[in-house]
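S.K.: using only what follows, build the 3D model:
(2 chains)
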Amino acid sequence: MGTENVVLKLANKYAIFVILIVMVVALSFLSPFFLTGQNLINVLITESGRGILALGVAFTIMSKGIDLSVGSVVSLVSVIVASMVQDPTYTARIFPNMPYVAPLVAIVVGLFVGTLVGVINGSLIAYTGIPPFIATLGTQIIARGIALIITNAYPVPMLRQDFKDIGQGSVGVIPNVVIVFAVIAIIAYLLLNHTKFGKSVYAIGGNVNAARTSGIKVEKNLVEIYAFSAFCASLAGVLITSRAASGIATLGTGYETDAIAAATIGGTSHAGGIGTVPGILAGILILGVLNNGLLLLGISPYLQQVIKGAIIIGAVVFDMRKNARKH
Amino acid sequence: MEEIILEMRDIVRTFPGVKALNGVNFVLKKGSVHALMGENGAGKSTLMKCLVGINPPDSGTIILKGKQVTIPNPLVARNLGIAMIYQELNPVLERSVMENIWLGREPMRGKRSPLVDHKAMYNNTKALLADLELDLDPRQKVKELSVAKMQMIEIAKAISFNADIVIMDEPTSALTTNEVEHLFSMIDRLKKRGVSVIYITHKMDEIFRVADEVTVLRDGSNVTSKPVAEMDINSLITAMVGRELTEMFPKIDCPIGEVRMEVRHLKVPGLIHDASFDLRRGEILGVAGLVGAGRTEMMEAIFGLRQKSGGEIIIDGKKRTINSPVDAINCRMGFLTEDRRLTGIIPVLSVKNNTIIANLDRYKKAKFFLDHKKINRDCLEYKEMLNIRTPSLDALIQNLSGGNQQKVLVARWLLTNSDILILDEPTRGIDVGAKAEIHSLITKLASEGKSIIMVSSEMPEIIGMSDRVMVVCQGRITAMLDRKDLDQETIMRYATSISNHAVA
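M.R.: As a prediction, the model looks like this:
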């Protein structure tokens, strides 16, 4: 176990952060706009919503599952919440006596409905044994369908200012969405590392039989895991809708891909039982910086996709080698 | 210590196609070590699974400390003070030692706090390990530990539950002699605390060493329950198989021919350092050594399962390139692996398919199709030859007992007509009756001119079966002993130290 081995081990452990730093440094040379305050804040704003999604999905991946429905939860919550907070002067044309719904109430309703989707996911997976891929694929399609039915595919525009302020406002220099992202990241970290629930997530993902024999209520925990994922997706939906100032049923299409990509790049293993919050954050930032950097350099967004896919594959190959068992 | 702590009466348990327990009775005295014996498939594991809440009985009564109880799940069993240490260990590999021990019951920071108290977890674990004289870092990931250490952690975990009854299923199968002694001293400690131990094992010598009483099961029913003092090896074996076993290791002396295979300067980085040996026709070459010496790794390198960094394999005078199992099989080699669950059986396939899987070419008919008649005939022949207990050839192999699964794997390689058979722990986890059957078979194959390499950790087996014994220690061949020089002390001496003797 020479020093060479120790360096290799450290490099393996922190590889993803090294890569992030290398990317940031490289981009700051390649583009004069990258390291500006305005640009960095933009990156954070864009990544806040996706970041919250990634954190939620990561829990399901760590439990050896997956949640494909998060993008649709975003859209479902988006249209529900938006419908409640439209500007009365706009809605008066068709609904002259719309009651005033406080933003907070609308948000709570949205969170509730979104989280309910997660409870359904978790229950299906825990009590019928359907593979998570299939269960969440089903709810993904259903949820989006419901969103389309509610709105008849029309957007829900002209939202009230007091609602828009939530997503578009800031506390000093720091935008609200970034604050919420940070809070969720801290909550995720505490849950995963300092609660019984977190230990259960790792155990269920690492060896569900050992978890069961240890008396962990696997079914109950699975419902909670998928509820958390959907809760995060709902929260993201609220924030994104607030910023976009419109509720759209097609919002969130494809978001699950980015969320899963970020979590995976961040070291969350699909074999279950492996993943850390700092790693996931690094994964989120790598994708965000990549998006931003390629944009600043004027590179085609289609090329971005190719690069993103390649990074995901590379990250997983790397992780598989790192996590290879000694025996 | 005559107080009865547990009584299981008339336990019945059926699985699809097989009645695993047919009205079994079991009585456990407090503070006693009670051995539970029986051939594979006799019902020992099933009975314990009833006790531990994994597979509750279909009917029957369980009386614990004088009160009738039902045990519908493992949590109830745990709360009743029943702990089990499984033969096939099941830790969460990616998590630390302490997290594995306290999984599901992590100490919290405060009575109502949702936060885990890692400091307390660490200290509790340290104290627990110290109490058992285990030198382990509570924060180390379990996947970095040896199988023996993982088992010790399981025992520590059971003890931390303050269990009244601890069930140990084949606890010594992966332990070295030192570790076995350590285990026995732990069992003594348990006894002094008033804990009762149910000890499932195939190893006769262990029963006489550590058990107070023994119960023998056969085909799902009771055969006998007696104090160990009233039994001897022969009566035990008779009870288990229902017949007298006159010869444990029916070795037929057969002529040993010329050299068939030479292994020269085999090297595997970090594991095997320059190993060379010969293998002759009709010979059974035993490979002895401690757990972790590198025997399996050496065999894997020879069979092409593991990359070697140097060395040659010469078969019948010609140098061969073996970089994968396909190459090895083409050189007429076969390999029965150490862990049938991981690298042997294909659990969701039938007995039939598991048998023929290494040999599909032989059953090709008209280029694309399989000759099912031939397949059925061959599989039936081997089923009878090896006495494989299965409801049918189409039964899923995962439903068979461990010993019968092993027999199917032996059939698989026999079917390939290999000239060189490498057997890695061929009788591990197999009862005496099946063991003898496999030993006869091995001897018969040797007498037909095949060359057999048999890696084994069971001294009596190595000494009884081998023509020569190659002893491996830390990746080196430390001795090549002739049959006449075989005894336990000599083998152990070479297995535990790197001596300067040249290898034959």
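
S.K.: helices along the stretch 1-150 of chain A, start to end?
M.R.: Residue ranges of the helices in the stretch 1-150 of chain A, as given by DSSP state H, counting those that start in this stretch, are A:3-30, A:37-62, A:70-84, A:88-91, A:103-128, A:132-151.

S.K.: what angle do the second one and helix A:103-128 make?
M.R.: Orientation check (axes from the mean of the first three to the mean of the last three CA atoms, to 10 degrees): helix A:37-62 against helix A:103-128 gives 30 degrees.

S.K.: can you check the longest one too?
M.R.: Here helix A:3-30 points in a direction 140 degrees away from that of helix A:103-128 (the same axes, to 10 degrees).

S.K.: tell me the residues of chain B that contact chain A?
M.R.: For chain B, the residues found near chain A under the criterion CB under 8 Å from any CB of the partner chain are B:54, B:74-75, B:78, B:90-95, B:99-100, B:103-106, B:108, B:114-116, B:118, B:143-144. Every residue, glycine included, has its C-beta placed from N, CA and C.

S.K.: which of the residues you listed are buried?
M.R.: Buried members of the residues of chain B next to chain A, counted by 16 or more other CB atoms under 10 Å in any protein chain shown: B:54, B:74-75, B:78, B:90-95, B:99-100, B:103-104, B:106, B:108, B:116, B:118, B:143.

S.K.: helices - which of these land there?
M.R.: B:Pro74, B:Leu75, B:Arg78, B:Glu99, B:Asn100, B:His118 (DSSP state H).

S.K.: any chance of those residues in CSV, plus pLDDT?
M.R.: Written out in CSV, the entries for these read as follows (pLDDT from 0 to 100):
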residue, pLDDT
B:Pro74, 82
B:Leu75, 81
B:Arg78, 86
B:Glu99, 95
B:Asn100, 95
B:His118, 94
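
S.K.: can you tell me which of these lies nearest to B:Ile477?
M.R.: Distances from these to B:Ile477 were compared by CB to CB; the smallest belongs to B:Asn100, at 36.4 Å.

S.K.: which pLDDT value belongs to the residue nearest to A:Lys322 when sequence neighbours are not counted?
M.R.: Of all residues not flanking A:Lys322 in the chain, A:Asn12 sits nearest, at 4.9 Å (CB to CB, 6 or more residues apart in numbering or on different chains). At A:Asn12 the predicted local confidence, pLDDT, stands at 71.

S.K.: cool, A:Lys326 as well?
M.R.: 45.

S.K.: now swap in A:Gly2 and tell me
M.R.: At A:Gly2, the pLDDT value in this model is 56.

S.K.: likewise for B:Gly17?
M.R.: So B:Gly17 comes in at 63 (pLDDT).

S.K.: quick check, B:Ile329 in contact with B:Ile357.
M.R.: No: with contact taken as CB atoms under 8 Å, B:Ile329 and B:Ile357 are classed as non-touching, separated by 11.7 Å.

S.K.: more crowded one of those two?
M.R.: Just comparing B:Ile329 and B:Ile357: by other CB atoms under 10 Å in any protein chain shown the higher neighbour count belongs to B:Ile329, 19 against 13.

S.K.: can you tell me which residues contact the residue nearest to B:Ser466 when sequence neighbours are not counted?
M.R.: Spatially, and ignoring its direct neighbours in sequence, B:Ser466 is nearest to B:Gly286 (3.1 Å; CB to CB, 6+ apart). Counting by CB atoms under 8 Å, 6 or more residues apart in numbering or on different chains, B:Gly286 touches B:Met454, B:Val455, B:Ser456, B:Ile462, B:Ile463, B:Met465, B:Ser466, B:Arg468, B:Val469, B:Met470.

S.K.: and the last one, bridged to which residues?
M.R.: The one in question is B:Met470. Using DSSP bridges, the beta-bridge partners of B:Met470 come out as B:Val287, B:Met480.

S.K.: my read is that it contacts B:Glu283, right?
M.R.: No: using CB under 8 Å, B:Met470 makes no contact with B:Glu283, being 11.2 Å away.

S.K.: of all residues in the stretch 101-250 of chain B, which one is closest to chain A?
M.R.: Per CB to the nearest CB, B:Gly104 is where the stretch 101-250 of chain B lies closest to chain A, at 3.6 Å.

S.K.: burial measure for the closest residue in space to that residue that isn't next to it in sequence, as a count.
M.R.: Take B:Gly104 and drop its neighbours on the chain: the residue closest to it by CB to CB, 6+ apart is A:Ser214, 3.6 Å away. With neighbours defined by other CB under 10 Å, the count for A:Ser214 comes to 24.

S.K.: B:Asn124 now?
M.R.: One way to gauge burial is a neighbour count; for B:Asn124, by other CB under 10 Å, it gives 17.

S.K.: kindly report the same for B:Phe369.
M.R.: Using other CB under 10 Å, B:Phe369 is surrounded by 9 other residues.

S.K.: what stretches of chain B score poorly on pLDDT?
M.R.: Low-confidence segments of chain B, defined by pLDDT under 70, span residues B:1, B:17, B:39-41, B:174, B:237, B:241-252, B:291-292, B:496-504.

S.K.: how about 50 then?
M.R.: Per-residue confidence for chain B (pLDDT under 50) gives these ranges: B:244-247, B:499-504.

S.K.: residue most distant from the centroid, it?
M.R.: B:Arg112 (44.6 Å; CA atoms, centre = their mean).

S.K.: which SS class is that one?
M.R.: coil (DSSP: H, G, I helix; E, B strand; the rest coil).

S.K.: so what's it up against?
M.R.: If a contact means CB under 8 Å, 6+ apart, then B:Arg112 has no contacts.

S.K.: tell me the phi and psi of the residue nearest to B:Pro114 when sequence neighbours are not counted?
M.R.: Spatially, and ignoring its direct neighbours in sequence, B:Pro114 is nearest to A:Thr195 (5.2 Å; CB to CB, 6+ apart). Dihedral angles phi and psi of A:Thr195 (degrees, to the nearest 10) take the values phi -130, psi 160.

S.K.: tally of neighbours for A:Thr195?
M.R.: Burial of A:Thr195 is recorded as 17 neighbouring residues (other CB under 10 Å).

S.K.: again with A:Ala245
M.R.: One way to gauge burial is a neighbour count; for A:Ala245, by other CB under 10 Å, it gives 16.

S.K.: try A:Ile204
M.R.: Applying the criterion other CB under 10 Å, we find 25 residues in the vicinity of A:Ile204.

S.K.: got it, and B:Ser146?
M.R.: Summarising burial for B:Ser146: neighbours were counted as other CB under 10 Å, giving 16.

S.K.: how about the residues of chain A that lie near chain B?
M.R.: Counting by CB under 8 Å from any CB, the residues of chain A close to chain B are A:190, A:194-196, A:198-200, A:202-203, A:206-207, A:209-216, A:273-274, A:323, A:325-327.
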